[in-house]
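A.B. asks: Turn this into a structure:
(chains A, B, C and D)
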Protein chains: 2
Amino acid sequence: MTSKVLPQPERDEIRVDAVLQALGEPVRLTIVRALAENPAGVCCGDIELPVTASTRAHHLKTLREAGVLSTHTDGTRRISILRREDLDALYPGLLTGILSAKQ
Amino acid sequence: MTSKVLPQPERDEIRVDAVLQALGEPVRLTIVRALAENPAGVCCGDIELPVTASTRAHHLKTLREAGVLSTHTDGTRRISILRREDLDALYPGLLTGILSAKQ
DNA sequence: TCAGTAGTTCGATCGTCATCGTACTACGAT
DNA sequence: ATCGTAGTACGATGACGATCGAACTACTGA
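C.D. replies: You can find the predicted model right below:
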């Protein structure tokens, strides 16, 4: 059983600037929407994105370092989970508002 | 009485990407917070910002074009107002969530 | 009319970042 | 062991954007 959680900010280290900047990018917003639909977590590579693997990794790192998502290993896979509890506690309504957008 | 509303997107033209990107910048977030505290509107130059007038104008334009705020002239002054009604209708909870951030 | 004030626009600069290909690491299966 | 797969790290590149100063516009008041 080799499961490790990748480094991420604690709840009180999350900055709203960083969160909003992370969310203000189309590809990353797509990732967040996919995670929101799968509260159990999503394997990175399973999200359809119009970018290469390295760019995908870059965006996932950005989101993780901003505190938007959490990633843990599962064999060779990396499972990402939206940090909904933390974000809702810090910015109640923010995620709901964003996810309710039509587009 | 010379009062004109500067060009801005209609409600249905507002894109969540653009809004989030606009909000994901410290100076612009400061502006939004100032506007939130003054629902009647704020004169651009009255917001204390660590940037020059031209940079301030740039940020205000960005926020206006993203649909975050509305600006109308009042003599030589420009009054900016947060488009809270539109944003709340499109992304309920988003503004509240952001503004509830401690920092 | 003329000067002053509020604000924008333009052009330049510089930093950040989205993107890619390549090389690398880690794990599982054979 | 070694091969394949999942994903990251690195370095380069190109685009975008935050910033500034200077020139410009628009309005007010003397």
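A.B. asks: Phi, psi for A:Thr71 please.
C.D. replies: The phi and psi values for A:Thr71, taken as degrees, to the nearest 10, are phi -130, psi 130.
A.B. asks: before we move on, what about the one 4 residues further on?
C.D. replies: Listed backbone geometry of A:Gly75 is phi 70, psi -130, with angles given as degrees, to the nearest 10.
A.B. asks: So what's the residue count around it?
C.D. replies: Using other CB atoms under 10 Å in any protein chain shown, A:Gly75 is surrounded by 9 other residues. The way it works is simple: take the backbone N, C-alpha and C, and place the C-beta from them, glycine included.
A.B. asks: Can you tell me how far it is from A:Val16?
C.D. replies: 35 Å (CB to CB, to the nearest Å).
A.B. asks: got it, and A:Arg64?
C.D. replies: Taking CB to CB, one finds A:Arg64 at 17 Å from A:Val16.
A.B. asks: Okay, A:Thr52 and DNA strand D: tell me how far apart.
C.D. replies: 8 Å (CB to the nearest atom of the strand, to the nearest Å).
A.B. asks: Looking at that residue now. What's its pLDDT?
C.D. replies: If you check A:Thr52, the pLDDT there is 97.
A.B. asks: what do you get for A:Ala101?
C.D. replies: As predicted, A:Ala101 sits at a pLDDT of 87.
A.B. asks: mind listing what the closest residue to it other than its chain neighbours touches?
C.D. replies: Spatial nearest neighbour of A:Ala101, excluding adjacent residues (CB to CB, 6 or more residues apart in numbering or on different chains): B:Val16 at 4.1 Å. Contacts for B:Val16 (CB atoms under 8 Å, 6 or more residues apart in numbering or on different chains) come out as A:29, A:98, A:101, A:103, B:90-91.
A.B. asks: Show me which of those residues are buried.
C.D. replies: A:29, A:98, A:101, B:90-91 (16 or more other CB atoms under 10 Å in any protein chain shown).
A.B. asks: which of those residues has the weakest pLDDT?
C.D. replies: Ranked by pLDDT, those bottom out at A:Ala101 (87).
A.B. asks: three-state assignment of that residue?
C.D. replies: Here A:Ala101 takes the coil state, with states given by DSSP: H, G, I helix; E, B strand; the rest coil.
A.B. asks: What residue, apart from its backbone neighbours, is nearest A:Thr96 spatially?
C.D. replies: Of all residues not flanking A:Thr96 in the chain, B:Gly93 sits nearest, at 4.8 Å (CB to CB, 6+ apart).
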